[in-house]
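Peer 1: One predicted model, sequence on top.
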Amino acid sequence: MFKALFNIIIGLLATLVQVVCFPVNAIISGTMPNLSQNITFVATNIPKYFDGLGYALSWLPTIFVNILIFIVSIEIAKYTIYFSAHGILKVWNLFQKIKFW
């Protein structure tokens, strides 16, 4: 009996929240642009810019290409570690400010 009454109250509260939030959702959906077409356009056109890259790299000596790949890998790893460390520090400082413990 209590469970059924609790489910009815929760259902009514959920309906009330949906009714109250509907105009806000309509306003936000109306003002925000639809980015799905732009994202699709960028995702399909990026490979066009790199089509000739394989051909251009085939003219270079293999050792040069390997060194280039190594340098790019090191740069990616460096920036990944840098941003990860700063992100962890920001989260840690946020936890310190909130003081969960």
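Peer 2: Sure, I can see it.
Peer 1: tell me how far the helix ranked longest in the chain is from the chain's mean position?
Peer 2: Scanning the chain for the helix with the most residues, using DSSP state H, yields helix 62-98. Remark: helix 62-98 is offset 17 Å from the chain centroid, using C-alpha atoms, centre = their mean, to the nearest Å.
Peer 1: okay, now V65: neighbour count?
Peer 2: If you count neighbours by other C-beta atoms under 10 Å, V65 ends up with 13. Using the backbone N, CA and C atoms, a C-beta is placed for each residue, glycine as well.
Peer 1: What is the burial count for the closest residue to it other than its chain neighbours?
Peer 2: Distances taken as C-beta to C-beta, 6 or more residues apart in numbering put L57 closest to V65, at 5.5 Å, once the chain neighbours are dropped. The tally of other residues near L57 (other C-beta under 10 Å) stands at 13.
Peer 1: before we move on, what about F22?
Peer 2: Quick note: F22 (other C-beta under 10 Å) scores 10 neighbours.
Peer 1: Which strand or helix spans it?
Peer 2: According to DSSP states H and E, F22 maps onto helix 2-31.
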